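**Q** Here is the input, now give the coordinates:
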Amino acid sequence: MRVLVTGGTGFLGSRVLPLLAEHDVLCLSRDPGRLPVRPGLRAAAADLGQGGEWTREVAAFRPQWGLHLAWEGLPDYSPERCRQNLHASVRVLDAVARAGVTRVVVAGSCWEYGAVSGPMAEDATPGDVGVFAATKAELLGELTRLASDFGLGFRWARVFFVYGAGQRATSLIPHLQAAYAAGRAPDIREPGSVQDFVHIDDVAEALVTLAAADVPSGIFNVGSGEPTRVGDVANRVADYYGRPRPYPALPEGRGFWADMTKMHSSTAWRARTGIDAGIKKTLAMLDGIA
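**A** Coordinates of the predicted model:
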């Protein structure tokens, strides 16, 4: 297949590219020099917020699949940055639709569910949402319109709390690793809060699975389907380093996790990395062991 990828140097995209080794891949990137060099992968310099030569390269490439994973500036969730990303994303999706793409996978966010609690299915009514989540929802609306106008299939991947080596240093597990390495106690505001932690390698497999799957257009949760309290993660990291558990008695907290019924029934994908194995793998890579 001819596959167009955006965000190939990012946290998600860098794990997706190795899974596309058997395909002809075109990556759009501000910094093509950061992309791997291998047969079947070519790069085009692109400022997705602006038109230009990259749109013509997409048209000439005639992608069959598209994976739009780019979202610049995180963790900047300001209205201005979100609006810039929205305009850039609409430009990309319009270009791939006009180029005749068969199906496109777009990275959404579990924050689209808003301030909710419990297992979330794709048709759940959102709670209060912030600017970032509202912007993602607006992009989904634009994607739905393009799908109708151009007859393309889409898979909106609502990714839950993805973790693994390569994530931002301020994220939970890198923060815990740095704290224990420095002999400090971790600073966690709500250790009882519940999240659905899913390893980056599993998420990458899910995104490629969705691109390959012959399924109706729609929203698909990408998570482990398992609720885990943040303090439990801190305790597991402490165990790994042989330190006292910081939260021997955890308070009950609110939070949400993925109802994976739709994804499991539609595809063969399952999250394969349990939380214990995923934490150990992440810490080993952060420590330079793996």
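**Q** Helices along the stretch 1-150 of the chain, start to end?
**A** Per DSSP state H, counting those that start in this stretch, the stretch 1-150 of the chain has helices spanning 13-16, 53-61, 79-98, 131-150. These are given in chain order.
**Q** From the contact counts, what lies against the last one?
**A** With contacts defined as 3 or more C-beta pairs under 8 Å, 6 or more residues apart in numbering; DSSP states H and E, helix 131-150 has these neighbours: helix 79-98, strand 103-109, strand 153-159. Quick note: C-beta positions are derived from backbone N, CA and C, even for glycine.
**Q** Could the C-alpha coordinates of that helix be exported in CSV?
**A** Output of helix 131-150 as CSV, limited to C-alpha atoms (Å, rounded to 0.1, in the frame of the first residue of the first chain):
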residue,chain,number,x,y,z
VAL,A,131,-10.2,23.7,24.6
PHE,A,132,-8.0,20.8,23.4
ALA,A,133,-10.8,18.3,23.5
ALA,A,134,-13.2,20.7,21.9
THR,A,135,-10.7,21.3,19.1
LYS,A,136,-10.4,17.5,18.5
ALA,A,137,-14.2,17.2,18.4
GLU,A,138,-14.3,20.0,15.8
LEU,A,139,-11.7,18.2,13.7
LEU,A,140,-13.8,15.1,13.9
GLY,A,141,-16.7,17.0,12.5
GLU,A,142,-14.6,18.3,9.6
LEU,A,143,-13.4,14.8,8.9
THR,A,144,-16.9,13.5,8.9
ARG,A,145,-17.8,16.1,6.3
LEU,A,146,-14.9,15.3,4.1
ALA,A,147,-15.7,11.6,4.3
SER,A,148,-19.2,12.4,3.1
ASP,A,149,-18.0,14.7,0.3
PHE,A,150,-15.2,12.4,-1.0
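**Q** Residue most distant from the centroid, this protein?
**A** Checked against the mean C-alpha position of the chain, the extreme residue using C-alpha atoms, centre = their mean is Pro244, at a distance of 32.3 Å.
**Q** count of residues packed around the closest residue to it other than its chain neighbours?
**A** Here the nearest residue to Pro244 in space, its sequence neighbours aside, is Ala238; by C-beta to C-beta, 6 or more residues apart in numbering that works out to 6.5 Å. Residue neighbour count, defined by other C-beta atoms under 10 Å, stands at 19 for Ala238.
**Q** average pLDDT for the helix or strand hosting Ala238?
**A** Mapping Ala238 onto the secondary structure by DSSP states H and E places it in helix 230-240. When the per-residue pLDDT values of helix 230-240 are averaged, the result is 96.
**Q** who's in contact with it?
**A** Applying C-beta atoms under 8 Å, 6 or more residues apart in numbering, the set of residues contacting helix 230-240 from outside is 172-173, 176-177, 180, 186, 188, 190-195, 197, 244-248, 250, 253, 275-276, 279-280, 283.
**Q** cool, and stretch 52-60?
**A** Stretch 52-60 is contacted from outside by 4, 26, 28, 44-48, 91, 95-96, 98-99, using C-beta under 8 Å, 6+ apart.
**Q** Top of these by number of neighbours, please.
**A** For these, neighbours tallied by other C-beta under 10 Å; top is Val96, 28 neighbours.
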